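Participant: Quick one: sequence and predicted model below, then my questions.
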Amino acid sequence: MSSIRVNPYPMPDLLAALGNLQQQQNTATLEMGSGTTVNKPSDNPAAAAQMVEIENASSQNDSYQQSIGSINGQLSTADSTLSSVVTVLQRAISLGVEGANGTLSDSDRAAISAELSGIQKQLIGLANTTYQGQYLFAGTAEVEPYVADPNSTSGVSYHGNMGTNLVSIGSGYQVQVNLPGSQIFNAPGADVFQSINDLITALDNNNGAGDAVAEVTNAYNCVTQQRVFYGNAMNQAQSQQAFLSSEKINLSQQENTVAGADMAAVASQLASDETAINATLDAIGKMPKNSLFDYLK
């Protein structure tokens, strides 16, 4: 009959088992907290390298989306401003048609002329609109683009430039986010300020108001056409934002595939480790004192 050998000194085995269980528990705790099985490169070098690439792509994606958020505000403000310009020009046209009526008295025309002078000032203010401290219609210049100028035939001078700004919203993808003010407000034959000034002069002289109204109408049409640019730019930005949002989800899924922790399994592992650790500690606590002393000899 064979005899069963009993380890007379089980303490080293119990302590080793306890250490292994605690290390296993620490690993599971890290995975539970981070949601990933790769918390340092040595955990899985190949997966760690893939994670770096995914994280870099995700960071670049965030940067592009942040840029889109900024230009959306800029484009929306510019478009809203031009909408106001169109409304103001509609009022100017209406006043011009009224002023061209040959039955009006001098005082009536003077009142219309005064309102048009106010409209001219209002248009200057709109053309000098800013977004986050940046003039929207100054080209790339950092100066107030439109200034009242009595020496100019239009009564207003342009101090911006013809530059445009390009913003990266994707890999190799840039979108133009502005038009120089001169392209919007000072187009040949459709100059906003010149046409208003000519209409004021025509009313003051009671001569040529009809032609001046045609000028203002040309300016109105030009601004309306230029608004299309901002609508198209906003559509491009929104379309790219939708693409980037989808890409962000794909990157997250890739990250989970490469190193995502099975949270249910990790939770089960933690519970199992806790039970085993408690059982081991209980066994150590029940060790006969002489066995411990024998082990220490």
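Facilitator: Perfect, I can see it now.
Participant: Need the three-state assignment for Ile169.
Facilitator: Secondary structure, DSSP: H, G, I helix; E, B strand; the rest coil: Ile169 is strand.
Participant: gap between it and Ser59?
Facilitator: In this structure, Ile169 and Ser59 are 15 Å apart, going by C-beta to C-beta, to the nearest Å. In this view, the C-beta of every residue, glycine as well, is placed from N, C-alpha and C.
Participant: When the two are compared, which one has more neighbours?
Facilitator: The neighbour comparison of Ile169 against Ser59 (other C-beta atoms under 10 Å) goes to Ile169, with 23 against 10.
Participant: what's near enough to touch that one?
Facilitator: Going by C-beta atoms under 8 Å, 6 or more residues apart in numbering, Ile169 touches 64, 67-68, 71, 175, 236-237, 240-241, 244.
Participant: now do Ile112
Facilitator: Contact analysis of Ile112 by C-beta under 8 Å, 6+ apart lists 95, 98-99, 104, 203.
Participant: circling back: which one of the contacts of Ile169 has the most neighbours?
Facilitator: Tallying neighbours with other C-beta under 10 Å puts Ala237 at the head of the contacts of Ile169, with 23 neighbours.
Participant: Helix, strand, or coil at the residue nearest to that residue when sequence neighbours are not counted?
Facilitator: What sits nearest to Ala237 in space, not counting adjacent residues and going by C-beta to C-beta, 6 or more residues apart in numbering, is Ile68, at 5.1 Å. Following three-state DSSP, Ile68 is assigned to helix.
Participant: Quick check: Ile68 touching Leu244?
Facilitator: Yes: Ile68 lies in contact with Leu244 (C-beta atoms under 8 Å); the separation is 7.3 Å.
Participant: pLDDT at the spatially most central residue of the chain, what is it?
Facilitator: Nearest to the mean C-alpha position of the chain, counting by C-alpha atoms, centre = their mean, stands Gly69 at 1.9 Å. Looking at Gly69, its pLDDT is 93.
Participant: now swap in Glu53 and tell me
Facilitator: On pLDDT, Glu53 comes in at 87.
Participant: one step back: got CSV for the contacts of Ile169, with distance to Val147 and secondary structure too?
Facilitator: Shown next, in CSV, are these (distance: C-beta to C-beta, whole Å; DSSP: H, G, I helix; E, B strand; the rest coil):
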residue, distance to Val147, secondary structure
Tyr64, 37, helix
Ser67, 31, helix
Ile68, 33, helix
Ile71, 27, helix
Val175, 30, strand
Gln236, 33, helix
Ala237, 31, helix
Gln240, 36, helix
Gln241, 37, helix
Leu244, 40, helix
